[in-house]
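Trainee: the amino acid sequence is not available; the structure is as follows:
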């Protein structure tokens, strides 16, 4: 009753006799007490919850990848340009390492010759014979040079001996010439004495004439000895000239032989350079022939053909087909904001929910979550990605429950990286103020053996 009217009618009836009024009054009193108890209990539970522990975390999207780069999906490319001639596989087929995927044919006119390897080998053999000829010519010239050097030594020895003989002969003729001059002087003095004696009448005319004859003979001998001496000097000069001529002549012959030798060596080196070039071409042609068949680099499944049809031309480095390795180790790459990057370190625990696997996640109480799997941080990029986020690699934690075998590379993942344990009221206060999670550093305790354990 609102009692809004000025006229009161309570005195016309007695409420104690009205059962509906009595029941209504009792129910109101009961409901009011129940509500008070509920509100009080709710307040108590809320206060208790505010002081419960809460695990701070960082949520980030991610995807499954292969841990090792060689195990990730790859595209097979053609090293050379060519034209598709035949396919040996279909999409989804399993191939072993070395299986032929397709065959291509040549499209460059430099390699159209069907006997290209044989013709190149003939050119290579011809140059090899040419090199052998140069080797023999060099050996012959070296022998000729050795012979000339030996002959030069002998000729020089002979000429030097002749020079020594002429020197001795000049000395001997010079002595004979001096002796003849002395004899002439003696004969002249004797002639003068005989002449004085003849004038005094002590000698006959015959003795004077004999002495004059001896004087003339002495003079003639002087002239003869002088002529021999001059002749010996000329012979000495000629022997020295001949010695110099022998040296010059043989040096010229040896120099010409050396020039021919170096010319042959130059031709040999040019031939060797040509041989190396032809050998390189031959090896290139041989390797190119092996590139006409595109082979599988490893065991895996053919996923998608980038080039299709027959007779289609492809360029060098063109992607032909994609292949997914059959054996791979899974990992998760997730992307975090730059503000959250300092909160991560190697070995940090990460909870994950994979697409297609149902899970019940309690953000602050990971221990009671269901359907999640554990991992640990393996590596962090030091540079930002194109999406302005930092990439972090997470590998499975082998001590925990293993990841599902049905997982495939490329599947989506939602990650929950666990950080510091705080109170619920503190986390609410942090969220209201927009503060980042607290910086959390894993403690490392070394055991007796020196190995680290984290807690």
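Mentor: Looks like it arrived, so ask away. Bear in mind that the values here come from a model prediction, so they are computed numbers and not experimental data.
Trainee: for the strand or helix carrying residue 416, buried residues please.
Mentor: For residue 416, the host element (DSSP states H and E) is strand 412-423. By neighbour count on 16 or more other C-beta atoms under 10 Å, the buried set for strand 412-423 is 413, 414, 415, 416, 417, 418, 419, 422. For every residue, glycine as well, the C-beta is placed using N, CA and C.
Trainee: what does stretch 200-207 give?
Mentor: Across stretch 200-207, burial judged by 16+ other C-beta under 10 Å covers residue 203.
Trainee: contacts for it, please.
Mentor: With contacts defined as C-beta atoms under 8 Å, 6 or more residues apart in numbering, stretch 200-207 is touched by 194, 197, 198.
Trainee: now stretch 174-187
Mentor: 211, 214-215, 217-219, 221-222, 224-226, 228-229, 232.
Trainee: ok, longest strand in the protein?
Mentor: strand 53-66 (DSSP state E).
Trainee: angle of it against strand 412-423?
Mentor: Strand 53-66 runs at 160 degrees relative to strand 412-423, counting by axes from the mean of the first three to the mean of the last three C-alpha atoms, to 10 degrees.
Trainee: and strand 53-66, what does it pack onto?
Mentor: Where contact means 3 or more C-beta pairs under 8 Å, 6 or more residues apart in numbering; DSSP states H and E, strand 53-66 is packed against strand 330-336, strand 349-354, strand 412-423, helix 424-433.
Trainee: output the ones you listed as JSON lines; include the columns mean pLDDT.
Mentor: Converted to JSON lines, the helices and strands packed on strand 53-66 look like this (pLDDT from 0 to 100):
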{"stretch": "strand 330-336", "mean pLDDT": "91"}
{"stretch": "strand 349-354", "mean pLDDT": "85"}
{"stretch": "strand 412-423", "mean pLDDT": "78"}
{"stretch": "helix 424-433", "mean pLDDT": "76"}
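Trainee: quick revisit: and the strand holding residue 416, which strands flank it?
Mentor: Paired neighbours of strand 412-423 in the sheet (DSSP bridges): strand 53-66 (antiparallel), strand 349-354 (antiparallel).
Trainee: which residues are contacting the shortest one?
Mentor: Yep, that's strand 349-354 we're talking about. 57, 62, 64, 332, 334, 359, 361, 366, 369, 371-377, 394, 397, 403-404, 407, 411-418.
Trainee: which parts of this protein are helices?
Mentor: Listed in chain order, the helices of the chain (DSSP state H) span 19-50, 116-200, 205-290, 424-433.
Trainee: for the shortest one, which positions count as buried?
Mentor: The neighbour-count criterion (16+ other C-beta under 10 Å) identifies 424, 427, 430 as the buried residues of helix 424-433.
Trainee: how about those in a markdown table, adding distance to residue 186?
Mentor: Formatted as a markdown table, those follow (distance: C-beta to C-beta, whole Å):
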| residue | distance to residue 186 |
| --- | --- |
| 424 | 153 |
| 427 | 148 |
| 430 | 146 |
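Trainee: show me what the residue lying closest to residue 305 once chain neighbours are set aside is bridged to.
Mentor: Closest residue in space to residue 305, ignoring its immediate chain neighbours: residue 321 at 4.9 Å, by C-beta to C-beta, 6 or more residues apart in numbering. Per DSSP bridges, the residues bridged to residue 321 are residue 76, residue 305.
Trainee: residue contacts, residue 321?
Mentor: Shown in contact with residue 321 (C-beta under 8 Å, 6+ apart): 75, 76, 89, 101, 102, 302, 303, 304, 305, 306, 307.
Trainee: kindly reformat those residues as a markdown table containing pLDDT, neighbour count and distance to residue 146.
Mentor: Shown next, in a markdown table, are the contacts of residue 321 (pLDDT from 0 to 100; neighbours: other C-beta atoms under 10 Å; distance: C-beta to C-beta, whole Å):
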| residue | pLDDT | neighbour count | distance to residue 146 |
| --- | --- | --- | --- |
| 75 | 88 | 13 | 66 |
| 76 | 89 | 17 | 63 |
| 89 | 90 | 19 | 69 |
| 101 | 91 | 20 | 64 |
| 102 | 91 | 23 | 64 |
| 302 | 91 | 20 | 70 |
| 303 | 86 | 15 | 73 |
| 304 | 84 | 13 | 73 |
| 305 | 86 | 17 | 71 |
| 306 | 84 | 13 | 69 |
| 307 | 82 | 16 | 67 |
